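# Predicted model and sequence below, questions to follow.
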Amino acid sequence: MTSFPIPHNYAGHILVASPSHVVRQRVLESLRSPVRRFEQATGGAEALVHLESGFWQVLFLDRHLPDLDAEELSQTVRQRFPGIEVVLLDPESDAEASGRSTVVEGVQDMLLPAAHSPHSNLEDPLPGMISNSRIMQPVHHLARLLAPRNTTVLITGPTGCGKEIVARAIHHLSPRAARTFAVVNCAAIPETLLEAELFGYARGAFTGATQSYAGRIQTAQGGTLFLDEIGEMPLGLQPKLLRFLEQKELQRLGSAEVVRVDARVISATNAHLFTLVREGRFREDLYYRLCAFPIEIPPLRDRSEDIAPLAAHFLAKFAAPQAAPEFSAEALQLLKTQSWAGNIRELQNVVERALILCEDEVVIRPEHLLLGDSSFRNSG
């Protein structure tokens, strides 16, 4: 049996590249840990196409590819996609003749640390998070793994799934916790103002600049800068952000002074950044700088175990302590069957509306739940 190095990996998105269907199937069958996405490629060029079309965490690469040299490809992948673990598979020499291949037993152990195997206790949720679901375990584990480091983190996931909460948890668990957690929503600030808001400006830099302003980046000195909706950053401003990420220095508008800033950067997006790169709307070099380590948060529809505790939390948040109603079993079951296009934010809105509609009743029933995409959109 041929062995290969076992990386300290986690559940997530898995890509297997091999010309042998048997090899690909054996890897799939070995992945008994939670895997959110599994795709296959028959050669190296096809694998590269997959890698450029999404966030991947592990690439299983057959040494015997029909088109590219596996060793060279693995080096290319490690350079272009530094957040991906590459595992070289070495099937038995007679695999094609016998229709068999050897994949090391216990492949699933590569995807979740031993402490997080299906047979062990769940890791505690991150500070500020309410989660009992196993699918969120990689998020909790990776955030704690990254917290003591200065690694740049990109948090992805649909709108309303809790990306900022994860970012705040990483900051809270880090040596930077006592310093500032500065938030910039790149979609909420007009393009004409975003540069000044991020990098600051000197007095007299433009009409109305009656005094100097340090900017959000410098405010995060010693702490963490959280760039929300990073995919909305104007293309013309991206080189300046790239320079800060590479050099840890900036210049305020209207000033020649170079200021060095020690701030960890965590960004978040619900957009597919590499698609924006291919469309010419996002710089490729900035993409790779931001994506040093990606964390993807699954949508609420994949986290049914979290719905009841989240609903109870929002109920306690909005209700007077002495008059908080309870959810009926039917109401909770109905909540668990929803697709939750707006994720946790939509659930919060539904609970708040239900509390109003139930008036003085002590039980929230299904008829109190205004559900569906239309009610979420109309809720603002």
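Looks like it came in fine.
# For the rest of this, base every contact and every neighbour count on C-alpha atoms.
Fine.
# Using PDB, write out the CA atom coordinates for stretch 191-200.
Extracted in PDB, the C-alpha atoms of stretch 191-200 (Å, rounded to 0.1, in the frame of the first residue of the first chain):
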ATOM      1  CA  GLU A 191     -17.000  55.500  -4.300                       C
ATOM      2  CA  THR A 192     -16.000  59.200  -4.100                       C
ATOM      3  CA  LEU A 193     -15.700  59.000  -0.300                       C
ATOM      4  CA  LEU A 194     -14.400  55.500   0.200                       C
ATOM      5  CA  GLU A 195     -10.700  56.300  -0.400                       C
ATOM      6  CA  ALA A 196     -10.800  59.200   2.200                       C
ATOM      7  CA  GLU A 197     -12.700  57.000   4.700                       C
ATOM      8  CA  LEU A 198     -10.100  54.200   4.400                       C
ATOM      9  CA  PHE A 199      -6.800  56.000   4.000                       C
ATOM     10  CA  GLY A 200      -7.700  59.300   5.700                       C
END
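# Leaving aside the residues adjacent along the chain, what's closest to Asp90?
Distances taken as C-alpha to C-alpha, 6 or more residues apart in numbering place Arg63 nearest to Asp90, at 5.7 Å, with adjacent residues excluded.
# Is there a neighbour count for that neighbour? I'd like the number.
By the criterion of other C-alpha atoms under 10 Å, Arg63 has 19 neighbours.
# Check Arg203 too.
Arg203: 17 surrounding residues under other C-alpha under 10 Å.
# Return the residues in contact with it.
Each residue near Arg203 by C-alpha atoms under 8 Å, 6 or more residues apart in numbering is listed here: 209-213, 254.
# With Phe38 instead?
Counting by C-alpha under 8 Å, 6+ apart, Phe38 makes contact with 13-16, 28.
# ranking those residues by neighbours, who comes first?
Val16 leads the contacts of Phe38 on contacts (other C-alpha under 10 Å) with 25 neighbours.
# is it true that it touches Gln25?
No. In this structure Val16 lies outside contact range of Gln25 using C-alpha atoms under 8 Å: 9.3 Å.
# Show the residue spans covered by the strands in the stretch 151-300 of the chain.
Per DSSP state E, counting those that start in this stretch, the stretch 151-300 of the chain carries strands over the ranges 153-156, 181-185, 224-228, 249-251, 258-260, 264-269, 293-296.
# nearest to Glu71, of those strands?
strand 293-296 (22.8 Å; C-alpha to C-alpha).
# which other helices and strands contact that closest one?
Taking 3 or more C-alpha pairs under 8 Å, 6 or more residues apart in numbering; DSSP states H and E as contact, the helices and strands that strand 293-296 lies on are helix 137-146, strand 153-156.
# want to try CSV for these, with mean pLDDT and mean neighbour count as columns?
What follows is the helices and strands packed on strand 293-296, written out as CSV (pLDDT from 0 to 100; neighbours: other C-alpha atoms under 10 Å):
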stretch, mean pLDDT, mean neighbour count
helix 137-146, 89, 19
strand 153-156, 93, 24
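# To Gly44, which of these lies closest?
Closest to Gly44 of these is strand 153-156 (C-alpha to C-alpha; 26.1 Å).
# Pull up the pairing partners for the closest one, direction included.
The strands that strand 153-156 pairs with in its sheet are strand 264-269 (parallel), strand 293-296 (parallel) (by DSSP bridges).
# sorry, back to before: rebuild the helices and strands packed on strand 293-296 as CSV, extending it with distance to Gln348.
Shown next, in CSV, are the helices and strands packed on strand 293-296 (distance: least, C-alpha to C-alpha, whole Å):
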stretch, distance to Gln348
helix 137-146, 21
strand 153-156, 21
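# I'd like to know which helix or strand in the chain has the lowest mean pLDDT.
Each helix and strand of the chain was given a mean pLDDT (mean pLDDT, DSSP states H and E); the minimum falls on helix 95-98 at a mean of 36.
# Quick check: which of the strands paired with strand 153-156 is nearest to Arg134?
Comparing the strands paired with strand 153-156 by C-alpha to C-alpha, strand 293-296 comes nearest, at 14.2 Å.
# Give me the contacts around that closest one.
In this structure, residues lying in contact with strand 293-296 by C-alpha under 8 Å, 6+ apart are 55, 82-83, 139, 142, 151-157.
# helix or strand right after it?
Next helix or strand after strand 293-296 toward the C-terminus (DSSP states H and E): helix 304-318.
# and that next one, which residues are buried?
Buried residues in helix 304-318, counted by 16 or more other C-alpha atoms under 10 Å: 304-308, 310-312, 314-315.
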